[in-house]
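*Asks:* Dropping a prediction and its sequence here:
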Amino acid sequence: MLDVTVIEDAEAAAVSLDPVRARLLAELAAGPASAAMLAGKVGLPRQKVNYHLKTLERHGLVELAGERRKGNVTERLMRATAASYVISPQALAAVQPDPDRFRDQLSAHWLLALGARLVRDVGSLLTGAAKARKRLATYALDGEVTFASAADRAAFVEELTAGVSALIRKYHDGEAEGGRPHRIVVAVHPEVRSEAGSEAVEAPTDPEATH
């Protein structure tokens, strides 16, 4: 089972968003189970659960883990193909975000478009790598910094931009034979805090945060 996989097909995305099927995926992510075993957990008849399982299987969201005999019946044990799923913007191809339409480094909407493209591209790369049975070379850095003031935040962004730009200039070789372009995405955004069980976004402290 994969830790996370990307759903690129629109029909598969719609199937996964059904509340009952989403619950079944969650149950099967915990371990293999049959329709009869799941029926009691989700409060549905076995036949109805079996229908949903076949739909999930048809779209590659669950797979056969094995079979077992129970009396005169052979039960199919199903499992989720991943522990978690991400829906790619490719599933909404006609209206997916396009960061090339505009560029505004201080726009949260542009940041969201970049994030959507990241999900789409990495999802496609993972699919291709799996088919080719090759590993995908990627790198990610996740960190947290607390700024004492808006001025410190602005200074940090300026230094970050200068540092990354210098690295790009140092290592970029557009004429390298056999070279493969890599995309670099760097993002800075406020942390989402959870207060009293609900998400709360801190009020902006500088004009940049309102974009």
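*Replies:* Cool, the structure landed.
*Asks:* Not counting sequence-adjacent ones, nearest residue to Phe102?
*Replies:* Using C-beta to C-beta, 6 or more residues apart in numbering and skipping the chain neighbours, the partner closest in space to Phe102 is Trp110 (6.6 Å). C-beta coordinates here come from the backbone N, C-alpha and C atoms, glycine included.
*Asks:* now that neighbour: how far from Ala187?
*Replies:* Here the distance between Trp110 and Ala187 works out to 10 Å (C-beta to C-beta, to the nearest Å).
*Asks:* Just the buried residues of stretch 43-62, please?
*Replies:* Going by neighbour count (16 or more other C-beta atoms under 10 Å), the buried part of stretch 43-62 is 44, 49-50, 52-53, 55-56, 59, 61-62.
*Asks:* Same list, these, but as TSV with pLDDT please.
*Replies:* TSV is the format used below for the buried residues of stretch 43-62 (pLDDT from 0 to 100):
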residue	pLDDT
Leu44	95
Val49	97
Asn50	96
His52	97
Leu53	97
Thr55	97
Leu56	97
His59	96
Leu61	96
Val62	96
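*Asks:* how about the strands in this structure?
*Replies:* Assigned by DSSP state E, the strands in the chain fall at 2-7, 62-70, 73-80, 82-87, 193-195, 198-200.
*Asks:* circling back to that earlier point, identify the farthest-apart pair in the buried residues of stretch 43-62.
*Replies:* Farthest pair in the buried residues of stretch 43-62 (C-beta to C-beta) is Leu44 and His59. Separation: 19.2 Å.
*Asks:* Quote the end-to-end distance of stretch 24-36.
*Replies:* Stretch 24-36 has its terminal residues 12 Å apart, counting by C-alpha to C-alpha, to the nearest Å.
*Asks:* sorry, back to before: now go through the buried residues of stretch 43-62 and say which are in helices.
*Replies:* Using DSSP state H, the subset of the buried residues of stretch 43-62 located in helices is 49-50, 52-53, 55-56.
*Asks:* need the contact list for Arg120.
*Replies:* Arg120 makes contact with 88-90, 96, according to C-beta atoms under 8 Å, 6 or more residues apart in numbering.
*Asks:* cutoff 6 Å now
*Replies:* 88-90 (C-beta atoms under 6 Å, 6 or more residues apart in numbering).
*Asks:* By neighbour count, which of those wins?
*Replies:* Neighbour counts for the contacts of Arg120 were taken using other C-beta atoms under 10 Å; the highest belongs to Ser88, which has 23 neighbours.
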